[in-house]
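> Give me a 3D structure for the following:
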Amino acid sequence: MKLVPPRLFLGLLLLQAELAISLTADEANDITRSVVHVLCDLSEGRQQGGSGFVYNDSNQVVTSFHVVAAALQSNVKLHVFSTATGIDRPARVLRVLKTADLALIEVDRSLGLPCLKSSESTPSFGNELVAFGHPLFTPTVQRQTLKFDKEEALEDITPFEASKEITRLGFPRLSNSVFGLMGPLVPGHSGAPIVDSDGKVVAIGDGGLEQGAASISWAIPARELAKLLRSQDALVVDIGTLSDLGVLFAAELNSNIATTVSNGNPVISGPVTLRKTRIRTLGEMRRTSASDDPLGLFQLIQPLLAAGVSYNPDELRFDIYQDANSGMNLVLPSNVGLRLEGDTLVARSQEGNIEWLVWADQVNSPQEAQMTSVEFEQQIIARHRSIFWQMDPGWSYPTLRPAADGMYIMRKLFRGFPLNAQTNFEQNLICFETFAEKGGYLLSAAVIRLGDTQPGERPENDPLWASAILGVHLSSFSR
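Reported below is the predicted structural model:
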């Protein structure tokens, strides 16, 4: 069978979306000047950050409360950095509106930047909006094109377990209305101004709840800003609350987690740039509705239990890589490094017996995604020419099927056998695949256990292999 070359091309490092709405270049530049990086210096050299924008006064900045909640402790330094001026200034929390997860911070002197204007109107379905912020600790302001979906109560879009956590925290209020978005907000977008075609702030990025490796993105309506300016909420936070924010809010980011792969650089594959945004245990992801296919996840976990693997979901740690533009999420066991080999992202275990292969592509339809998945599988065949692959129907569905929020998913398991075996040939390789398509982007991810098993050894006895197939299963797209 002829191997079709993958249609992947190296992309640009900066993910700055073209402005499809009718903002002029000057208007976009003016908004960019008013956006700042909000930073909290934590202990042991750690830093937590989000976005913010100048509002109401030249020394006042709006951001998300969860970004600056740590600064309500005396040992945490809060400051803002403006890429427009190159100036970093100390700040303090002036007001908070916990019900809407908003905060107003005061800088020690004027930033000399224009205040953004807001609009209390609600966009129409499909209206294009742009978020301006510092996603993934990028040093310069980035623009992310989004579309308005609908306004709905926060409680209507949060999983049950997450709702319980929000109730326990006390913010934001579950009955509050939020703006649902088409397009992902990624870590660092908390507090980012989201503007309409008139250049007015219609919402503030909140990021939202993690949903396993993915996340549910929402924004706070700008009409809450008037309440923030007159809020009398107490400037206190329960210290126990702070440890939960990283799991609950996908747009909160620690700089030590923002470390990227390939010697500190993002991995670029075709139309996506994957950056490591979070480290999570399987337990944390399961508590936030880890999978679009809970039954499939359960099927993967059961053989581990039957094999007697020491299975503690709070000890299985994963690195989560995300693309800011598409919302693509790739999940790998912690400390497995990706690198680009030709047109394919590749990773291998230290022992060399487990291999990961990843493609990212743009497609025009689920049907084209199906064809591209075949090309991906042909590459696997080409890498292991002496192996006959047989799909296991008990673990596979052979075509892309609709999932939530416009995503299509296909997962497969193949068992490989040596082509030169005559009789009673023994299984040599196992390959587990996930294909996920959304919004014209296709993620193809596979993990292969190579044929070095000892007689009688079961692959599920290997904790790294167990983590590897769970990670591939959890790879998909954020809402």
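
> Can you give the domain ranges for the protein?
25-252, 261-477 (automatic domain parsing).

> ok, and what's touching the helix or strand where D26 lies?
Here D26 sits within helix 25-33, counting by DSSP states H and E. Contacts with helix 25-33, where a contact means CB atoms under 8 Å, 6 or more residues apart in numbering, come from 19, 23, 84, 113-114, 116, 130, 132, 141, 143, 193, 195, 199. In short, each C-beta sits where N, CA and C put it, glycine included.

> hmm, back to that, most packed of the domains of the chain?
domain 25-252 (a mean of 20; mean count of other CB atoms under 10 Å).

> The contacts of helix 25-33: which two are farthest apart?
L19 and L113 (20.3 Å; CB to CB).

> hmm, back to that, any chance of the contacts of helix 25-33 in CSV, plus pLDDT, secondary structure and distance to H66?
Below are the contacts of helix 25-33 laid out as CSV (pLDDT from 0 to 100; DSSP: H, G, I helix; E, B strand; the rest coil; distance: CB to CB, whole Å):
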residue, pLDDT, secondary structure, distance to H66
L19, 43, coil, 28
L23, 82, coil, 28
A84, 92, coil, 25
L113, 94, coil, 24
P114, 94, coil, 26
L116, 97, coil, 21
V130, 93, strand, 22
F132, 95, strand, 19
V141, 91, coil, 21
R143, 89, strand, 23
P193, 97, strand, 17
V195, 97, strand, 22
G199, 94, coil, 27
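
> Turn those residues into JSON lines, including distance to I166.
Below are the contacts of helix 25-33 laid out as JSON lines (distance: CB to CB, whole Å):
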{"residue": "L19", "distance to I166": "34"}
{"residue": "L23", "distance to I166": "34"}
{"residue": "A84", "distance to I166": "35"}
{"residue": "L113", "distance to I166": "33"}
{"residue": "P114", "distance to I166": "35"}
{"residue": "L116", "distance to I166": "28"}
{"residue": "V130", "distance to I166": "28"}
{"residue": "F132", "distance to I166": "27"}
{"residue": "V141", "distance to I166": "30"}
{"residue": "R143", "distance to I166": "30"}
{"residue": "P193", "distance to I166": "24"}
{"residue": "V195", "distance to I166": "27"}
{"residue": "G199", "distance to I166": "32"}
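
> hey, which helix or strand in this structure has the poorest pLDDT?
Using mean pLDDT, DSSP states H and E, the weakest-scoring helix or strand in the chain turns out to be helix 261-264, at a mean of 35.

> circling back to that earlier point, which helix or strand lies directly C-terminal to the helix holding D26?
strand 35-41.

> For that next one, which strands pair with it and how are they oriented?
strand 47-54 (antiparallel), strand 77-82 (antiparallel) (DSSP bridges).

> Contacts only, for the residue lying closest to L72 once chain neighbours are set aside.
Take L72 and drop its neighbours on the chain: the residue closest to it by CB to CB, 6 or more residues apart in numbering is V237, 4.8 Å away. If a contact means CB under 8 Å, 6+ apart, then V237 has 69-70, 72-73 as its contacts.

> pull the longest helix from the chain.
For the chain, the helix with the greatest residue count under DSSP state H is helix 366-383.

> CA atoms only: put it into PDB for me.
Output of helix 366-383 as PDB, limited to C-alpha atoms (Å, rounded to 0.1, in the frame of the first residue of the first chain):
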ATOM      1  CA  PRO A 366     -15.400  14.800   9.200                       C
ATOM      2  CA  GLN A 367     -15.200  12.800   6.000                       C
ATOM      3  CA  GLU A 368     -11.800  14.300   5.200                       C
ATOM      4  CA  ALA A 369     -10.700  13.600   8.800                       C
ATOM      5  CA  GLN A 370     -11.600  10.000   8.300                       C
ATOM      6  CA  MET A 371      -9.400   9.800   5.200                       C
ATOM      7  CA  THR A 372      -6.500  11.500   7.000                       C
ATOM      8  CA  SER A 373      -6.800   9.000   9.800                       C
ATOM      9  CA  VAL A 374      -6.100   6.300   7.200                       C
ATOM     10  CA  GLU A 375      -2.900   8.200   6.100                       C
ATOM     11  CA  PHE A 376      -1.800   8.300   9.800                       C
ATOM     12  CA  GLU A 377      -2.300   4.600  10.100                       C
ATOM     13  CA  GLN A 378      -0.400   4.000   6.900                       C
ATOM     14  CA  GLN A 379       2.600   5.800   8.500                       C
ATOM     15  CA  ILE A 380       2.400   3.400  11.500                       C
ATOM     16  CA  ILE A 381       2.500   0.500   9.000                       C
ATOM     17  CA  ALA A 382       5.500   2.000   7.200                       C
ATOM     18  CA  ARG A 383       7.400   2.300  10.500                       C
END
